[in-house]
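**Student:** sequence and predicted structure are below.
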Amino acid sequence: MRACTVAPGRPDTAGVEEIGEPAVEVGEVLVEGLLVGVCGTDVEITSAGYGWPPPGHERIVLFHESLGRVLEAPADSGLSAGDLVVGIVRRPDPVPCLPCSKDQWDFCNNGQYTERGIKELDGYGAERWRAPAKYLVKLDAAIGDLGVLTEPTSVVAKAWDYVDRLGARAPWEPRTVLITGAGPIGLLAAMIGVQKGLDVHVLDRVADGPKPKLVADIGATYHTKSVADLGLHPDVAIECSGVGSLVFDLMNSLAPDGVLCLTGISSGKHALDVDESAINKQLVLTNSVVFGSVNAARRHYEQAADYLRVADPGWLGRLVSRRVPMASWPQALERSPDDVKVVVDLQA
């Protein structure tokens with residue numbers, strides 16, 4: 001069967017390879033791959049050498065954002081042939097550490113976890129793949145191809161889950177939300193904020209293209225000013241861009257009792273002139289919380305499926321800005337100005 005493979009850090013090796021059928025030992029459920037989503041991690045694996053192939057292999061089957069259809073499943077799995085499913089990315093470490101032993105592998109604290117398509121496990125970029133039922137999330141059939149957005153939505157579902165938990169440490173009625181970064185993660189974070197009935201603002205440096213309209217069409221407000229010039233004091237801020245300087249700007253702008261979640265990962269080395277004492281004073285005197293969030297537990301995938309189920313399918317469909325056939329999948333790594341979320345069609 002065909003699979004999208006690459007030797008990490010060697011973009012010249014990116015292509016479609018014939019590989020063997022997935023072994024039953026990998027998982028009792030056999031899935032037909034439909035779509036995979038492309039994100040910055042896939043670009044880093046291909047171009048920058050991030051990621052680890054399975055032990056003993058030079059190449060890895062790429063992609064961790066999945067959508068598939070069940071072909072075979074045991075009677076006691078809760079799944080049936082024809083079901084739409086998404087595969088969970090992370091697997092617990094073999095020790096396991098305390099969080100992994102409690103099925104919260106997203107909080108693995110010894111670093112020995114594995115991840116489909118990223119760390120020591122082949123990904124979902126194949127015509128067929130297997131997984132244990134425990135690591136599959138069934139989707140409402142009506143969502144169709146938009147189910148490929150489940151994994152990125154799970155990332156911000158987790159962010160919102162812990163925003164709510166941390167905010168509940170005291171009587172709290174958040175009203176204003178500021179999202180920085182209008183990529184797929186930021187837009188999905190904004191969508192959830194609107195579903196929660198909050199006043200959502202999205203900041204991004206891009207003034208043209210589809211992003212401003214996408215933000216406006218869910219009832220949020222789009223900005224291109226700096227955080228300081230906005231004059232907002234959000235109760236909730238979610239940083240989705242990975243721009244390091246924005247983290248400090250958001251810390252300074254939070255409302256009392258505010259919560260700031262960091263989901264973006266900064267790259268490169270940039271020196272900043274920061275008044276760390278003033279920031280410390282600001283956070284302490286306003287009871288503010290700053291936390292980082294990565295990956296997601298099973299419940300966040302399930303929450304993501306619920307958020308997507310009630311979202312406007314027309315709006316979600318506009319997030320998927322480009323579909324690339326499997327045979328040409330390396331083209332999906334090349335960004336165009338109007339790209340939001342690019343997906344690879346494993347059936348084409």
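**Tutor:** Structure received. If you're wondering where the values come from, they're calculated on a predicted model, not measured in any experiment. Residues are numbered from 1 along each chain as shown.

**Student:** beta-bridge partners for T180, please?
**Tutor:** For T180, the beta-bridge partners are L203, E239 (DSSP bridges).

**Student:** could you pull out the strands for the stretch 1-150 of the chain?
**Tutor:** Taking DSSP state E, counting those that start in this stretch, the strands of the stretch 1-150 of the chain run over residues 2-7, 10-18, 29-37, 60-61, 65-72, 84-87, 90-91, 114-116, 120-121, 128-131, 136-138.

**Student:** can I get those in JSON lines including mean pLDDT and distance to V202?
**Tutor:** C-beta: built from backbone N, CA, C; applies to glycine. What follows is these, written out as JSON lines (pLDDT from 0 to 100; distance: least, CB to CB, whole Å):
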{"stretch": "strand 2-7", "mean pLDDT": "98", "distance to V202": "32"}
{"stretch": "strand 10-18", "mean pLDDT": "98", "distance to V202": "32"}
{"stretch": "strand 29-37", "mean pLDDT": "98", "distance to V202": "20"}
{"stretch": "strand 60-61", "mean pLDDT": "98", "distance to V202": "34"}
{"stretch": "strand 65-72", "mean pLDDT": "98", "distance to V202": "22"}
{"stretch": "strand 84-87", "mean pLDDT": "98", "distance to V202": "25"}
{"stretch": "strand 90-91", "mean pLDDT": "97", "distance to V202": "28"}
{"stretch": "strand 114-116", "mean pLDDT": "98", "distance to V202": "29"}
{"stretch": "strand 120-121", "mean pLDDT": "98", "distance to V202": "34"}
{"stretch": "strand 128-131", "mean pLDDT": "98", "distance to V202": "34"}
{"stretch": "strand 136-138", "mean pLDDT": "98", "distance to V202": "27"}
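
**Student:** turn those into TSV, including distance to L187 and mean neighbour count.
**Tutor:** Formatted as TSV, the strands of the stretch 1-150 of the chain follow (distance: least, CB to CB, whole Å; neighbours: other CB atoms under 10 Å):
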stretch	distance to L187	mean neighbour count
strand 2-7	25	24
strand 10-18	27	14
strand 29-37	13	24
strand 60-61	28	25
strand 65-72	15	22
strand 84-87	19	26
strand 90-91	23	22
strand 114-116	24	21
strand 120-121	28	19
strand 128-131	28	22
strand 136-138	21	22
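
**Student:** figure out which of these is closest to L262.
**Tutor:** Nearest to L262, of all the strands of the stretch 1-150 of the chain, is strand 90-91, at 18.8 Å by CB to CB.

**Student:** which helices and strands sit right next to the closest one?
**Tutor:** If you count contacts as 3 or more CB pairs under 8 Å, 6 or more residues apart in numbering; DSSP states H and E, strand 90-91 packs onto strand 114-116.

**Student:** would you pull up how far the strand it packs on lies from the middle of the chain?
**Tutor:** How far strand 114-116 lies from its chain's middle: 14 Å, per CA atoms, centre = their mean, to the nearest Å.

**Student:** residue boundaries of the helices in the stretch 101-250 of the chain?
**Tutor:** 150-167, 184-195, 211-217, 227-230, 244-253 (DSSP state H, counting those that start in this stretch).

**Student:** any idea which of those gets closest to V340?
**Tutor:** helix 184-195 (6.0 Å).

**Student:** now that closest one and strand 65-72, what's the angle there?
**Tutor:** Angle, helix 184-195 to strand 65-72, by axes from the mean of the first three to the mean of the last three CA atoms, to 10 degrees: 80 degrees.

**Student:** report the angle between helix 184-195 and helix 150-167.
**Tutor:** Interaxial angle, helix 184-195 versus helix 150-167 (the same axes, to 10 degrees): 50 degrees.

**Student:** just to revisit the earlier point, just the helices of the stretch 101-250 of the chain: most buried one?
**Tutor:** Highest mean neighbour count among the helices of the stretch 101-250 of the chain (mean count of other CB atoms under 10 Å): helix 184-195, with a mean of 25.
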